[in-house]
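K.L.:
for reference, the sequence and a predicted model appear below.
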Amino acid sequence: MIGLALFSTNISTIHMVGFAGEGYRTGLAYGNFEWMAPFLLIVLALFFAPFYLKSRLATLPDFLERRYCGACRNILAGLSIISAVFIHIGFTLYTGALVINTLFGIPIMASIVSAAVLTGIYTIVGGLLAVVVTGALQTVILLTGSIILTVIALVNIGGWDGLTQHVDPVKLTILRPASDPANLPWYSVFLGYPVIGLWYWCADQTIVQRVLGAKDSNHARIGPLFAGFLKVLPVFIFFLPGTIYLALVNRGDFAPLSVPDECFAMAIQNLLPVGVTGLMAAALLAALMSTVSGALNSIATLVSYDLYKQWKPTAPDKQMVLVGQIATLVCMVVAIFWSQFIGRFESVYQGCVDLISYVAPPITTVFLFGVFWKRASNKAAIWTMVAGSFMGLGVFIIDWNNYFNWSMPGLLAGFYLFCACSLVMFVISVICPHQHTEESLKLVWENPMAALKEKGWPGIGNYKYLSVLLFMVMVLLYIIFANESTLRFFGLLPEELIP
C-alpha cells in the first residue's frame, strides 16, 4: 500500500501528459527523472524513513522544530504549502485539463474547476485514509491504461525494429552530451537530480507522509523500495508512446504536432479503440485525483498541525480539522488561478522540473546537514532557508522573463543553488554552533552506518538485499540506454567497438 501510494502520488497527469510530450520532443532524455528516482528512494529507505519513524514525527516541519527551532518549522511549512499549490496541484490540474480539452472539447478552465471540486470533496470528507486507499486502486487503472497504449503503439510502428527505423537513434538514449537539443546534459542530471530528488523523496511532506503512516520500520523501508522498482516502468509506458508517435509522424501516418504536450491526447485519439479511450480518460482522472488529493491532505495537515496549533495549542480536534478543510479550499482556489499561466512554459514537464529546481535546494541542504552533521545550527538553518528561497525566487524571475537570454538547465541551476546554500549553512554553523538539547541530539545519526544496524525481514524481503538489487538494476538500465559519447566518457565503450 505504501509503495503504490508513493508511486500514484508521484505519477500524475504532469507525467502522463508531460512525459509523452517530452518523448515526442526529445525522446527518452527526460526519463532520467524517473530512473534517478530509485537511487533517492534507496536513500529514503535506508536513512530517512527509519529515522522519521523512530522519532515519531507527525510532519516534517515537526522534525525541523525539534532538530533546529520553531522558526525553521514555520518556514518549511510555508515552503511546503507553496510547492504543493504551485507544483503538485497547479501543474496537475492544467495537464489533465489539456487532455480532456483535446479528447472531449471541454474548455480548459471548466475542466480545471470540475476536477478540483470533485477531488476537493472526497479529500476534505475522507482525509488521509481516502487518499491512500484510492491512490493504491488508481495506480492499477493508470498502469493498465498506459500499458495498453504502449503495446498498441508499438504494434502499429512494427515493434522495436520499426521504431528505430523512423526516429533518430539518439532519441532512444537517456544520457546525452551538452550539445544535445534536449538541453539536459548528463552532468546536470548527476549533479542536479540528487538535490531535487532528496527534497522530493526524502523531505517533501506530500510524499513522505505515506511513509510516516507505516506500521513499523520494515514497512517504511520496503514501501519506498517497491516504489523504486515501479519507477522503472514510466520510461517505457509514458515516454516511449510519445517517441513512437513521433515515429508514426515521420512515417507519414499522422500530421506533425505544433504543441508536443498534445501528444498524449492525440495518441489516445488516433491509436486506441473508443472503449479503451474511456479507460485512458479514467486513468488520467485517476492520476490527477490521486496527486491533487495527496497534496491537499498534506496542506491541511501543515496548516492545522504545524501553523494553527502553535497559535492555539489548546484547540480541539474538531477545530483543527475545520481549519485544515478551510486551508484546503483556499489553496485549491489559488492553484486554479495559477494553473491558467502554465501554458507559458516551453513544455509542461520542463517547467515543472525548473520550478522544483528553484524550490528544493535550501530544504535539501537543511535536511541533509541536520540529519548527518551535529554542528548544523538553528541560526544557519534559518538563514539558509530564507536566503536560499530568495535566491531561488530570483532565478525563477530571471528564467520566467528570459532575462540575460537565460538558457541554463534547471537541474544545473538547482545544483549551483545547493552549493550556495551549503556554503551558508556551513559557515554560519561554524560561527554560531548549535546548542543541542537531549532531544535534538537524538535527531542526528551518529554515523550513516548506524541506520543499517537493524536486521530487517529475513530472506529476499530484507531491505538491504532489495536495496542492492534495485541499485544494480538501475545501473544496468543506464548502461543499456546511455548515449555512445557518454559511455565513452566513462570508459564503458572503447573507441574500437564503435562502428
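P.N.:
Great, that's in hand.
K.L.:
ranges for the helices of the stretch 51-200 of the chain?
P.N.:
60-67, 70-83, 90-104, 108-157, 159-166, 186-197 (DSSP state H, counting those that start in this stretch).
K.L.:
which one of those has the poorest average confidence?
P.N.:
Looking at the helices of the stretch 51-200 of the chain, the lowest mean pLDDT belongs to helix 108-157 (a mean of 75).
K.L.:
re the thing from before, of the helices of the stretch 51-200 of the chain, give the one that comes closest to Ile326.
P.N.:
helix 108-157 (9.6 Å; CB to CB). Where you see a C-beta, it was placed from the backbone N, CA and C, and this is true even at glycine.
K.L.:
quick check: which of the helices of the stretch 51-200 of the chain is nearest to Pro362?
P.N.:
Taking the helices of the stretch 51-200 of the chain one by one with CB to CB, helix 70-83 is closest: 7.9 Å.
K.L.:
show residues contacting that closest one.
P.N.:
59-62, 64-65, 204-206, 298-299, 302-303, 306-307, 310, 331, 356, 359, 362-363, 366, 378, 381-382, 385-386, 389 (CB atoms under 8 Å, 6 or more residues apart in numbering).
K.L.:
in strands, which of those residues appear?
P.N.:
Among the contacts of helix 70-83, no member falls in strands (DSSP state E).
K.L.:
drop anything exposed from those residues.
P.N.:
Neighbour counting with 16 or more other CB atoms under 10 Å marks 59-62, 64-65, 204-206, 298-299, 302-303, 306-307, 331, 356, 359, 362-363, 366, 378, 381-382, 385, 389 as buried within the contacts of helix 70-83.
K.L.:
among those residues, name the ones in helices.
P.N.:
60-62, 64-65, 205-206, 298-299, 331, 356, 359, 362-363, 366, 378, 381-382, 385, 389 (DSSP state H).
K.L.:
just to revisit the earlier point, redo the helices of the stretch 51-200 of the chain as TSV? Include distance to Ala283.
P.N.:
Formatted as TSV, the helices of the stretch 51-200 of the chain follow (distance: least, CB to CB, whole Å):
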stretch	distance to Ala283
helix 60-67	30
helix 70-83	25
helix 90-104	10
helix 108-157	3
helix 159-166	23
helix 186-197	25
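K.L.:
how about those, which one is nearest Glu262?
P.N.:
Among those, helix 90-104 sits nearest to Glu262 (CB to CB), with 5.7 Å.
K.L.:
by contact count, what packs against that closest one?
P.N.:
If contacts are counted by 3 or more CB pairs under 8 Å, 6 or more residues apart in numbering; DSSP states H and E, helix 90-104 sits against helix 13-26, helix 108-157, helix 263-271, helix 274-301, helix 317-339, helix 348-372.
K.L.:
make TSV from those and add distance to Val444 to it.
P.N.:
Below are the helices and strands packed on helix 90-104 laid out as TSV (distance: least, CB to CB, whole Å):
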stretch	distance to Val444
helix 13-26	35
helix 108-157	28
helix 263-271	45
helix 274-301	25
helix 317-339	30
helix 348-372	6
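K.L.:
ok, which stretches of the stretch 351-499 of the chain are helices?
P.N.:
378-400, 410-431, 438-441, 463-481, 484-489.
K.L.:
looking at these, which is closest to Thr150?
P.N.:
The nearest among the helices of the stretch 351-499 of the chain, by CB to CB, is helix 463-481 at 16.1 Å.
K.L.:
now the closest one: how far from the chain's centre is it?
P.N.:
Counting by CA atoms, centre = their mean, to the nearest Å, helix 463-481 is centred 20 Å from the centre of its parent chain.
K.L.:
show me what counts as buried in that helix.
P.N.:
463, 466-467, 470, 474, 477-478, 481.
K.L.:
out of the helices of the stretch 51-200 of the chain, which comes closest to Trp338?
P.N.:
The nearest among these, by CB to CB, is helix 90-104 at 4.4 Å.
K.L.:
tell me what angle the closest one forms with helix 348-372.
P.N.:
With axes from the mean of the first three to the mean of the last three CA atoms, to 10 degrees as the basis, helix 90-104 and helix 348-372 are set at 150 degrees to each other.
K.L.:
send the alpha carbons of helix 90-104 over as CSV?
P.N.:
Extracted C-alpha coordinates of helix 90-104, given in CSV (Å, rounded to 0.1, in the frame of the first residue of the first chain):
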residue,chain,number,x,y,z
GLY,A,90,-1.3,23.6,-10.4
PHE,A,91,0.6,21.6,-13.0
THR,A,92,-1.6,18.5,-12.4
LEU,A,93,-4.8,20.4,-13.0
TYR,A,94,-3.5,22.1,-16.1
THR,A,95,-2.2,18.9,-17.8
GLY,A,96,-5.4,17.0,-17.0
ALA,A,97,-7.5,19.8,-18.5
LEU,A,98,-5.3,19.9,-21.6
VAL,A,99,-6.0,16.3,-22.4
ILE,A,100,-9.7,16.5,-21.6
ASN,A,101,-10.0,19.5,-23.9
THR,A,102,-8.3,17.7,-26.8
LEU,A,103,-10.4,14.5,-26.3
PHE,A,104,-13.8,15.9,-25.5
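K.L.:
would you mind pulling the contact partners of stretch 301-312?
P.N.:
Contacts of stretch 301-312 (CB under 8 Å, 6+ apart): 58-59, 61-62, 70, 73-74, 77, 80-81, 128, 205, 209, 315, 319-321, 323-324, 327.
K.L.:
show me the contacts for Leu441.
P.N.:
Leu441 neighbours (CB under 8 Å, 6+ apart): Lys374.
K.L.:
what about it, distance to Arg67?
P.N.:
10 Å (CB to CB, to the nearest Å).
K.L.:
understood, closing this out.
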